[in-house]
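**Q** The following comprises the amino acid sequence and a computationally predicted model.
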Amino acid sequence: MQEQGAAKNVKYLDLPEAAAVTSSGGLFLAHRAPHPNAAKLFVNWVLSKEGQDAWCAANQWNSRRLDVAPRDPDAVPRPGVKYFSGSSEANFPALEETQKWLNILVK
């Protein structure tokens with residue numbers, strides 16, 4: 001939107017009580033790939049500094065690598081802040097409970 005001129009005045013709100021970690025994707029490989037070494041080569045490259053520079057530049061995401069410049073400075077984790085991760089297995093019971101209540105509310 002911002003590249004098209006909209007939402008230029010939207011700012012990041014730093015709310016410590018609502019600090020959360022989001023995930024931007026994952027890496028999947030085909031089972032019985034035609035050439036398993038090609039997949040291994042790709043994974044090694046995409047996780048390297050060069051690969052993360054290219055991947056993050058193309059997607060405007062931040063890398064977890066500290067030697068790759070952030071593409072979204074507002075989304076860089078702050079030292080000392082404990083973030084909530086919805087995808088953490090430890091949080092699954094709370095997420096299931098929340099889903100149960102949401103299902104009741106939408107009916």
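**A** Cool, the structure landed.

**Q** Sketch out the low-pLDDT regions of this structure for me.
**A** For the chain, the stretches flagged by pLDDT under 70 are 1, 12-25.

**Q** Can you show me the helices along it?
**A** Under the criterion DSSP state H, helices of the chain are mapped to 36-46, 49-59, 92-106.

**Q** starting at the chain centroid, how far to the longest one?
**A** Mean C-alpha position of helix 92-106 versus that of the full chain (C-alpha atoms, centre = their mean, to the nearest Å) differs by 23 Å.

**Q** List the buried residues in it.
**A** Using 16 or more other C-beta atoms under 10 Å as the test for burial, helix 92-106 gives no buried residues. Every residue, glycine included, has its C-beta placed from N, CA and C.

**Q** Please work out which residues outside that helix touch it.
**A** Gly86 (C-beta atoms under 8 Å, 6 or more residues apart in numbering).

**Q** re earlier: so which of the helices of the chain gets nearest Val76?
**A** helix 49-59 (12.1 Å; C-beta to C-beta).

**Q** Tell me which residues are up against that closest one.
**A** In contact with helix 49-59 (C-beta under 8 Å, 6+ apart) are residues Ser24, Gly25, Trp45, Val46, Trp61, Asn62, Ser63, Arg65, Asp67, Val68, Ala69, Arg71.
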